[in-house]
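S.K.: Got a sequence here, can you build the structure:
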Amino acid sequence: MKPYYVSKESLQKLEKEYDHLTKKKRIEMIDALKNAADLGDLKENAEWDATTEELDFLDNRIQTLENILKNAIIYSKKDNQKANLGSTVTLKFDSNIETYQIVGNAELSFYPSPISHESPLGSLLIGKKVGDSFLFQNAGEIFSIQVLDISE
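M.R.: Modelled structure (predicted):
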């Protein structure tokens, strides 16, 4: 199985989401499904269709969370000298300055300006130091990038 790199804080958020979905939301959805079934003919029951579709989506999210939690590897930021998982990096893109947090794919929604360590830019950033420069191609454009700062 594929490992999912997450911070301790993100793991706790994922566990909390999993508990909420399995112990509360899924039970509510099953009740809603029973209520929709009570409305009559399932072939012409829009509420049944919508509820089953929502339940399928919920079950897929629960399965994804189970997979993430089963294969989670907790990382911690230890070195502000090199960019790695957990690093906040400030970059100069030609003349623009942008800041990103390098995180695992499973925790992208927990940060205000995340970038996956597996994305094209994120993977190039791993191991870079302040002052390092490199070229990055995105959507046919080539950018000159300089690492201005690395912090936790």
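
S.K.: Would you indicate which residues of stretch 99-117 are buried?
M.R.: Across stretch 99-117, burial judged by 16 or more other CB atoms under 10 Å covers Y100, Q101, I102, V103, G104, N105, A106, E107, P114, I115, S116, H117. The C-beta positions use only the backbone N, C-alpha and C, and glycine is treated the same way.

S.K.: The residue lying closest to Y111 once chain neighbours are set aside and K34, how far apart?
M.R.: Leaving aside its chain neighbours, Y111 sits nearest to Q101 (4.6 Å; criterion: CB to CB, 6 or more residues apart in numbering). Q101 sits 43 Å away from K34, going by CB to CB, to the nearest Å.

S.K.: Please apply the same query to I73.
M.R.: 40 Å.

S.K.: mind checking which helix or strand E66 is in?
M.R.: For E66, the host element (DSSP states H and E) is helix 46-70.

S.K.: ok, then the element right after that helix?
M.R.: As assigned by DSSP H and E, the chain's next helix or strand after helix 46-70 is strand 72-74.

S.K.: coming back round to it: give the buried residues for the helix holding E66.
M.R.: E47, W48, T51, T52, L55, L58, I62, L65, I68, L69.

S.K.: hang on, isn't the residue nearest to Y111 packed against L85?
M.R.: No. Applying CB atoms under 8 Å, one finds Q101 not in contact with L85, separated by 9.6 Å.

S.K.: On the pLDDT front, check L39 for me.
M.R.: Listed pLDDT for L39 reads 67.

S.K.: swap in L42?
M.R.: Here the pLDDT value assigned to L42 is 59.

S.K.: What of G122?
M.R.: Turning to G122, the model gives it a pLDDT of 95.

S.K.: correct me, but it touches I115?
M.R.: Yes. Look at G122 against I115 with CB under 8 Å: they come within range, at 4.5 Å.

S.K.: residues shared between the contacts of these two?
M.R.: Common neighbours of G122 and I115, using CB atoms under 8 Å, 6 or more residues apart in numbering, are Y100, I102.
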